[in-house]
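Visitor: Turn this into a model:
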Amino acid sequence: MNKEQLEEESGTILGREHTCERNEIPDHLKVYRVIAIEGEAQTHWELFSLWLANEGDVESGEAETVGELLNLSSIKVNYCPFCGLSLE
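Guide: Purely as a prediction, here's the structure:
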C-alpha cells in the first residue's frame with residue numbers, strides 16, 4: 001500500500017515517512033508524520049499497522065485480492081518503535 005492509498009483509507013494527509021532499517025516488516029508497519037486528520041491540522045507522528053491479505057485470505061474468502069487491506073490501526077508515537085530515534 002502506497003502513501004496515497006494509506007491517506008485515503010485512514011482519512012489523513014501524511015507528511016514524510018520515517019523509514020528504518022530495523023523495521024522487519026516495512027510493508028505492514030509504517031511511521032508517518034501526520035499533517036491532518038479529516039481536515040483538522042495535526043503535528044504528530046503515527047505508527048500505522050496494515051493487515052494485508054495473502055493468498056490464504058483470498059482462498060478462504062476473507063479478501064478478493066492479495067494485498068487488499070483487511071485491517072488498519074494506528075497509534076501516536078514520539079519515538080521510532082524500531083530504532084528509538086526521537087521523531088520531531
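Visitor: biggest strand in the chain, by residue count?
Guide: If each strand of the chain is counted by residues according to DSSP state E, the longest one is strand 40-52.
Visitor: For that strand, give the mean pLDDT please.
Guide: Strand 40-52 comes out with an average pLDDT of 96.
Visitor: Now do the next helix-or-strand element following that strand: distance to the chain's middle.
Guide: Moving toward the C-terminus from strand 40-52, the next helix or strand (DSSP states H and E) is helix 55-59. Distance, stretch centre to chain centre, for helix 55-59: 22 Å (Cα atoms, centre = their mean, to the nearest Å).
Visitor: buried sites along helix 55-59?
Guide: Buried residues in helix 55-59, counted by 16 or more other Cβ atoms under 10 Å: Asp57. The C-beta positions use only the backbone N, C-alpha and C, and glycine is treated the same way.
Visitor: Restricting to C-alpha, output that helix in PDB.
Guide: The C-alpha coordinates for helix 55-59 follow below in PDB (Å, rounded to 0.1, in the frame of the first residue of the first chain):
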ATOM      1  CA  GLU A  55      -3.200 -16.000  -0.800                       C
ATOM      2  CA  GLY A  56      -4.700 -17.800   2.200                       C
ATOM      3  CA  ASP A  57      -7.100 -14.900   2.900                       C
ATOM      4  CA  VAL A  58      -8.200 -14.900  -0.700                       C
ATOM      5  CA  GLU A  59      -8.700 -18.700  -0.700                       C
END
